[in-house]
Structure formats: C-alpha cells, structure tokens
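below is the structure, and that's it, no one-letter string:
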C-alpha cells in the first residue's frame, strides 16, 4: 500500500496541527486547576473524617469511664458481696468475683478492705498500690517487666447498713489491643494509645521501627499527625487522656507522663486517587489530542471515508462473515459500483456455501446410513477417515483410531503379515480374519480402491469392508447340514435298494420270516425318509414365514399311541423297550394332530438314536391346572450344560460321547420347538440323575364347554 504523505503547508495538515495545539491548551488549562481543587477537597474530607473520629473517640472514652463508674456502683451495692465481705469468706468471694467478672465483661474486679489492703481479686492485673491510691478512678499506667499497661478503673465504697464502711470495690478494663480494635469498630478509624510517644496498644500492627512520622502540626490545640506504616500513609489526630479535655476527665496515676490517644485514617486510597487524577489528566490529554487528530484527519480525508468503510467491509467478508451486508453509502460513483459488486459477490458466495453445507450434511447422512465400513489410509498406512459403519463393525470410535496405523487397529489372525501387507489391490476383494476391539474376532470382506484427490497431491487407499462372520458361519453350517442330509438319505436308500434287489432276485426262494424281515427293513427305511422329508418341509416353511398350525381339541392318548405305532418297528429293531405312564383320565388337549405326532416321532427318534441297544425309553404325561407336560426320557449320554440353551436351534450338533451324535440333519428339535410354541406351549430339556436326558413339552388343556 502506498504511504500517504502530508505536506505541512496544506490546509489539512494545518487543521490537524491546530486541533492538537488547541486540545493541549484546553486540557492543560482545565485539568490542572481541577486536579488541585479535587486534591484539596479530598484532603479536607479526610481531615474532617479524622476530626469526627477524634470527637467520637473522646465521647467513647467518657462513656466508657461512666460505664466503669456505673458498674462499680452496681457491684458495691450487691448484698451477696457485702455478706461475703462481712463473713471474710475468701474462697467464696474469689469464686463470686470470678463469676461477676465473666458476666460483666470486666478485666478486673478488686476488693479493698478499710485498711486499703487487697482482700480478693478477679483478673490478671498486677494491682500494686491501687488500693492505696488517692484517686483510683480514672486512667492508670501499670509498669510491668515488658511493656507498661493502661487500665481504665472506677472505685466505689462498700457500705454495710449495720456496720458502716466495709471497704472499696475497684473495677476496670485493660486498654489493650482488643480494646483499640473495639474502638476502631465503633469509630471507623484505627486507634492507638501512646505513652510518651511509645505505643501501649494499637489496632495497627505497629512497632517503633515500622512507623515513620512524616510530620505533625497543631490546629486549635489539636495535634494532627501524618505518618506511614509499612509504606502505607495515614492521617491522624491525637488527644491527651491525662488532662481535663473530656466530658468526664480521666485521671492518671502518672501525671508526669504524657498519655495520648490517636485516631488514624488510612489515606492510601486518597494518594492513589491523586495519582489516578494525574494519570487521568495525562491520559485525557492524550485521548483528546488523539480525537482531535482523528477529527482533523477525517475532515482532511473526507473523500477517503467511503473507501475506508469499503475496506472494512471487505475485511469482514475475507474473515468469513457472509451474513453482514456490505451497505456502503458513497457519493463517488466508482466507489458505489465497487460496493455493489462486492455485495453481489457476497450473496453468491453465501448461496454457494449454503449449498455446500447441505451437500455435506447429505453426505454425512449417507455415510451414517451405509452399513459397510469405509476407511481411508495415507501413504504411511495411517487412518485418516473412519466412517460410522466402520465404528459399528470394528467397535473402535473414530477418535480412537485417527492417525493410528491400520496394523494396530486390524490385526490378522491367520497370518503373521501385518494388515497393510495383505490389503487387496484396487477392484479386488479379500476375506480376512482379524481381531477387533475387545479382542473380538471377525471375518471381513474387504475391497480396496485408490483415491487421488487433487488437493492432496498423493494417492490415498480407500477400504470398504463388511462383517461376513455370520455368513461364513452359515456357509460352514450349510456344508455340514448338506453332508449330514446326504448321509441321512444315502443310508436308508442304500438299505432300500439292497432289500428291493434281494426281493427281485430271490423272492420265490425266501421263507416267510425272511420276507417279513425284508419288508420291515423297507418300512423302516421309508419311515426314516418320511421323517427327514417332513422335517425339511417344516423347516423350509418356518424359514419362509408360512408355518401355521391348526390346533383343535384332540385326545393326547391317541396322539401318543399313533406316534408309538409309527416308531415301534424302529424300537423293535434296536431291542429298545417303551414304557408309558399316563393319567387314568382322558386328556383332551388343544393341538394340531399331525404335527404333534411329528413332535413325538422326532423325540422318540432321537431317544432311540442316542440311547443304547436294549435300553428303556419312557413316555409320561403329568396334568397341571392349565396344561399337560409330556416327557420323553432316554438312557443316552445326556446333554452337556453348555449346549442346553442351543439344542433347539437349527444345525446344532451337541458334543456327546455317542458317535451317533454326528449324524442327522440338525432340524428335528428346531421343528419340535416351532410346532409346540405355535400351539402356545413350551419345550425344554434336562438330564436324568441316573443318566440320560428328558425332553419335555407342554400342551394347553382344552377346557370343557
């Protein structure tokens, strides 16, 4: 920017210099007298406050002396005190005086006998010759080993109605630091007692070395002092306590020594005010000079005022404030055109910024709704972006992983290579088993891409991944399921084919017993295939959401009998015995006949499959108020406790000691659960104490009409 040069011979320069000179003369002419007047006024007010405090202190001393006299009179008139003095009971009198001192707030209560000897005393004063003093009432100075003490005393004779004068009571208070603190509270000024210019007691923390007297003067017989204490200035006024200048003059036992009281006002604020006035005047002169210079400059540069406003508006715009209008009034046409152009640019920029913010908000909502996780890495494989989907899948929050290496966040489990070395190339997908937050394992399907934004100047890696752990588990289960189903189909089909082939080749030569055995084998094979097909169809119906039951009143005994009829050949083949325990009364339940028979067939088939040869299978029913519980108990290996909660799920093969547990489609018990719960019942399993399992289900009892 080109520097503006002012020619002192021009009118604007002369106006500026004239304004500055005028302001200096005006401020000096008006400010200095004002400061002098205000300073004198502050001093007068301060000394007036000191004088008022002095008069108040004198009145308080007189009132305190009067109070001592009244207390001495009241004490001397106490009958108890007279009785104790008459009887000469020293111990009781001491206790009485202690109680009297504590209740009246006195520092001393002294009893003198007619011979002017101390009889009893309450207080710590060294009484000395107080009893023998000619005028014990008044101010007394008591010498001690350290610092003299000042006491305010009052004496009153004790007279007995029968025997006349019995002695004197003397009461008093010590004029110590506590007393001066009370005086400060009552007068509002600091209070000090002085003996020959030495401090006896003071509300100030004062020592002879800490106090420096700046000067003193006498006005109307009143001593004024100006002193400093630890660097803090004070105005003070003294008055004598040993001359008759009070309403009730105080008397001193040391008339040859000068005892004075001093009230003092801290004037640090006044001194600070004086200093502040001086600085204020100087600052005011500077400010007014500056304002005068500004006014002169504005007058000289009136034509540049619109440009200055326009510059300010442009600065506001450059700082990102797009809401303030660039309204600049200018009488110069060129300046007005520039202002209108900037205003149009501001409006367009604000509209564009609003659209960008809306787009960003939409992008954030879109990223939030995407199920897959999105991660970007820089050229050091550090994470620079972590989408909400990535947070949900990994369990890590964005704040925890940003700027961290991807090798720390994603730890492969099936290889020793770091994660950054097995990232798929662009447009390729890999499945990687990794360990995530809280040591959780997951299989991630990861797709890689390369992003090169112009503003970054280097390629960035973008990873899109989703958790396919459940899909992988389903694939494994489906493979196991298909293998088992194939086995379940192949075994009976092979037996059926062998039996049919034998019948075709040797039917005329077979005996009736041999024919019956072949027919039973064919029947069992067909029964097994029929059960497997029924379970497959029911499972598919359940998965498709088309599963329905048609529950009607049915005879539970007939249902059990039908299931036994179907399963009896299989039980006979394995030499297994079936025990039935049913209530004597007819049990009418609400059930789907065909599907309930299928439930029992599945449970009996499992009991036969897992139970040993030549064992016992028991079917029983117990009646409750609203339902019937049917139990199928076997002598198999039982269900481990950790598998009981999952035994009724599809494709679950509990680990047992029976090799037969590895076979089957894994659908029978899930079909049992679906059928029973659709009829309003429940299913469960428990181990028998003597070995084996008990599978049970409940059916609602059909109420009588």
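Noted; the coordinates are in hand. Keep in mind the model is a prediction, meaning the values are calculated, not measured. Numbering: from 1, shown residues only.

and after the helix or strand harbouring residue 339, which helix or strand comes next?
According to DSSP states H and E, residue 339 maps onto helix 333-369. Following helix 333-369 in sequence order, the next helix or strand is strand 373-377 (DSSP H and E).

quick check: angle from that next one to helix 333-369?
120 degrees (axes from the mean of the first three to the mean of the last three CA atoms, to 10 degrees).

direction included, what does strand 373-377 pair up with?
strand 383-386 (antiparallel), strand 460-467 (antiparallel) (DSSP bridges).

for the closest residue to residue 566 other than its chain neighbours, give its distance to residue 562.
Excluding its sequence neighbours, the residue lying closest to residue 566 (CB to CB, 6 or more residues apart in numbering) is residue 601, at 5.6 Å. (C-beta placed from N, C-alpha, C; glycine too.) For residue 601, the distance to residue 562 equals 9 Å [CB to CB, to the nearest Å].

likewise for residue 324?
Taken as CB to CB, the span from residue 324 to residue 562 is 89 Å.

who has more neighbours, these two?
Between residue 324 and residue 562, residue 562 has the larger neighbour count (other CB atoms under 10 Å), namely 16 against 10.

what's near enough to touch the more buried one?
residue 597 (CB atoms under 8 Å, 6 or more residues apart in numbering).

and the residue nearest the centre of this protein?
Using CA atoms, centre = their mean, the residue of the chain that lies closest to the mean C-alpha position is residue 399, 19.7 Å off.

is it true that residue 401 touches residue 407?
No - assessed by CB atoms under 8 Å, residue 401 is found out of contact with residue 407, at 11.7 Å.

picking up where we left off before, for the strands paired with strand 373-377, give me CSV that also has mean pLDDT and mean neighbour count.
Shown next, in CSV, are the strands paired with strand 373-377 (pLDDT from 0 to 100; neighbours: other CB atoms under 10 Å):
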stretch, mean pLDDT, mean neighbour count
strand 383-386, 86, 19
strand 460-467, 81, 19
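
among those, which is nearest residue 373?
strand 460-467 (5.1 Å; CB to CB).

quick one: residues in contact with that closest one.
371-379, 381, 384, 390, 393, 423, 442-453.

could you flag which of those are buried?
Buried by 16 or more other CB atoms under 10 Å: 372-377, 381, 390, 393, 423, 442-448, out of the contacts of strand 460-467.

output the below-cut-off pLDDT ranges for the stretch 201-350 of the chain.
The stretch 201-350 of the chain contains residues with pLDDT under 70 at 206-222, 242-257, 289, 292-293, 295-309, 317, 319-320, 322, 326-335.

need the helices for it, in chain order.
Along the stretch 201-350 of the chain, counting by DSSP state H, counting those that start in this stretch, helices occupy 268-300, 305-318, 333-369.

could those go into TSV alongside mean neighbour count?
Converted to TSV, the helices of the stretch 201-350 of the chain look like this (neighbours: other CB atoms under 10 Å):
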stretch	mean neighbour count
helix 268-300	14
helix 305-318	15
helix 333-369	12
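
out of those helices, which comes closest to residue 695?
Closest among those, once you apply CB to CB, is helix 333-369, at 45.0 Å.

switch the helices of the stretch 201-350 of the chain over to JSON lines; also include distance to residue 104.
Below are the helices of the stretch 201-350 of the chain laid out as JSON lines (distance: least, CB to CB, whole Å):
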{"stretch": "helix 268-300", "distance to residue 104": "39"}
{"stretch": "helix 305-318", "distance to residue 104": "77"}
{"stretch": "helix 333-369", "distance to residue 104": "82"}
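
of residue 401 and residue 407, which one has the most company?
residue 401 (22 against 15).

coming back round to it: nearest to residue 578, of the helices of the stretch 201-350 of the chain?
If we rank the helices of the stretch 201-350 of the chain by CB to CB, the stretch that ends up nearest is helix 333-369, at 58.3 Å.

off-centre distance for that closest one?
Relative to its chain's centre, helix 333-369 lies at 39 Å (CA atoms, centre = their mean, to the nearest Å).

do stretch 182-190 as well
For stretch 182-190, the distance to the chain centre is 48 Å (CA atoms, centre = their mean).

what comes into contact with it?
49-50, 53, 56-57, 60, 191, 202-204, 234, 263-266.

closest to residue 685 out of the helices of the stretch 201-350 of the chain?
Nearest of those (CB to CB): helix 333-369, 42.4 Å.

returning to what we had before: what is the neighbour count of the residue nearest to residue 566?
23.

C-terminal to the helix or strand encompassing it, what's the next element?
Using DSSP H and E, residue 601 falls within helix 593-610. Downstream of helix 593-610, the first helix or strand assigned by DSSP H and E is strand 616-623.

residues near the spatially closest residue to residue 56 that is not a sequence neighbour, how many?
In space, residue 56 comes closest to residue 187 once its chain neighbours are excluded; the distance is 4.7 Å by CB to CB, 6+ apart. Counted with other CB under 10 Å, residues neighbouring residue 187 total 21.

mind listing the strands for the stretch 351-500 of the chain?
373-377, 383-386, 411-412, 429-435, 441-451, 460-467 (DSSP state E, counting those that start in this stretch).

between those, which gets nearest to residue 568?
strand 441-451 (47.4 Å).

show the average pLDDT along that closest one.
On average, the pLDDT along strand 441-451 is 79.

wait, what's in contact with residue 25?
Applying CB under 8 Å, 6+ apart, no residues contact residue 25.

also the one 10 residues further on?
For residue 35, the contact set (CB under 8 Å, 6+ apart) comprises 274, 277-278, 281.

what helix or strand does it sit in?
Using DSSP H and E, residue 35 falls in helix 11-76.

for the next helix or strand after that helix, buried residues please.
Next along the chain after helix 11-76, taking DSSP H and E as the criterion, comes helix 79-87. Across helix 79-87, burial judged by 16+ other CB under 10 Å covers 81-82, 84-85.

now those in JSON lines, with distance to residue 176 and pLDDT?
Below are these laid out as JSON lines (distance: CB to CB, whole Å; pLDDT from 0 to 100):
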{"residue": "81", "distance to residue 176": "26", "pLDDT": "80"}
{"residue": "82", "distance to residue 176": "31", "pLDDT": "79"}
{"residue": "84", "distance to residue 176": "29", "pLDDT": "80"}
{"residue": "85", "distance to residue 176": "29", "pLDDT": "77"}
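
residue 678: neighbour count?
The number of residues near residue 678, taken as other CB under 10 Å, comes to 15.

go ahead and confirm it touches residue 590.
No - at 11.6 Å, residue 678 does not count as touching residue 590 under the criterion of CB under 8 Å.

appreciated, that's everything.
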